[in-house]
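Student: Could you look at this predicted model? Sequence included:
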Amino acid sequence: MIKAVIFDLDGLLIDSEIISYKIYKEILHQFGYDFSMEEYAQNFSGKTEVKNVTNLIDTYNLPWSVEIGLNNVLKIEREFLAEGVALKTGAKELLSYLKNKCFKIAIASSSTKDRALTILRQHNIIEYFHEFVFGYEVEKGKPDPDIFLKACDKLSVKPEECLVLEDSEAGIQAAYSANIPVICIPDMKVPNQDYLDMTKIVLGSLEEVIYYL
């Protein structure tokens, strides 16, 4: 019996992948490179900021250390986030449903705490969540299972009593390794079939999770 639902944040609850694409496109434009959405979806979608910045530096031979690259990305991201980031389709409907049905609700995200909470407050949905787990709280991030197991701990539920909602391959692998049932709701990139085989089902939006439950 499912007692709790654990949400990923970026690309699942909020439409932040498009912002990441615009940030990388703006950075590469400064160095004279074009950057397509197809390239972003194929090589950058669903990965951590550290991995993506390292990939940018290596692929385009940018004259930065990873630390400088991260600082530059975060500076541009703050400008975009100040303008607002949209929730994914069906987010509020699903959260309201879960609250009304007395599910425990958590976020397990590699995002920084301040960034995540700022976005949730912008949309007045922070009160829906009982617990939060962020990257700094675990030794190993996704695709390792630590972040989801930590969420189960905080919610005081067993892994088999949870349901994870994810869009990325790394997140699906993390949930699967934690022995937590996982639903995939793809964002820019549909995970490879090996990862889809780890899921309970693939849905088109968060709102469809209501009908699944």
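Tutor: Yes, it's here.
Student: Please count neighbours and contacts with C-alpha atoms only from this point.
Tutor: Noted.
Student: Tell me where the chain has strands.
Tutor: 4-7, 104-109, 131-134, 162-166, 182-184, 201-202 (DSSP state E).
Student: what's the closest of these to Leu62?
Tutor: Nearest to Leu62, of all the strands of the chain, is strand 104-109, at 27.9 Å by C-alpha to C-alpha.
Student: counting contacts, what elements does the longest helix seen in the chain pack onto?
Tutor: Assignment by DSSP state H gives helix 66-82 as the longest helix of the chain. Contacts defined by 3 or more C-alpha pairs under 8 Å, 6 or more residues apart in numbering; DSSP states H and E place helix 66-82 against helix 17-30, helix 49-60.
Student: Just the pLDDT for the residue of the chain most remote from its centre.
Tutor: Distance from the centre of the chain peaks at Gly32, with 29.7 Å (C-alpha atoms, centre = their mean). At Gly32, the model reports a pLDDT of 95.
Student: Tabulate the helices and strands packed on helix 66-82 in TSV, adding columns for distance to Gly135 and mean neighbour count.
Tutor: Listed next are these as TSV, based on distance: least, C-alpha to C-alpha, whole Å; neighbours: other C-alpha atoms under 10 Å:
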stretch	distance to Gly135	mean neighbour count
helix 17-30	18	17
helix 49-60	12	16
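Student: quick one on the thing from earlier: tell me which of the strands of the chain sits nearest to Lys47.
Tutor: Here strand 104-109 is closest among the strands of the chain (C-alpha to C-alpha), at 11.7 Å.
Student: so what does the closest one touch, helix or strand wise?
Tutor: Counting contacts by 3+ C-alpha pairs under 8 Å, 6+ apart, strand 104-109 is packed against strand 4-7, helix 91-100, strand 131-134, helix 146-155.
Student: what's the domain layout of this protein?
Tutor: 4-15+86-212, 17-82 (automatic domain parsing).
Student: highest average neighbour count across these?
Tutor: Greatest average neighbour count among these goes to domain 4-15+86-212 (a mean of 19), per mean count of other C-alpha atoms under 10 Å.
Student: How about the contacts made by the nearest residue to Lys150 once chain neighbours are set aside?
Tutor: Of all residues not flanking Lys150 in the chain, Val133 sits nearest, at 7.1 Å (C-alpha to C-alpha, 6 or more residues apart in numbering). Val133 is in contact with Ala106, Ile107, Ala108, Ser109, Ile147, Lys150, Ala151, counting by C-alpha atoms under 8 Å, 6 or more residues apart in numbering.
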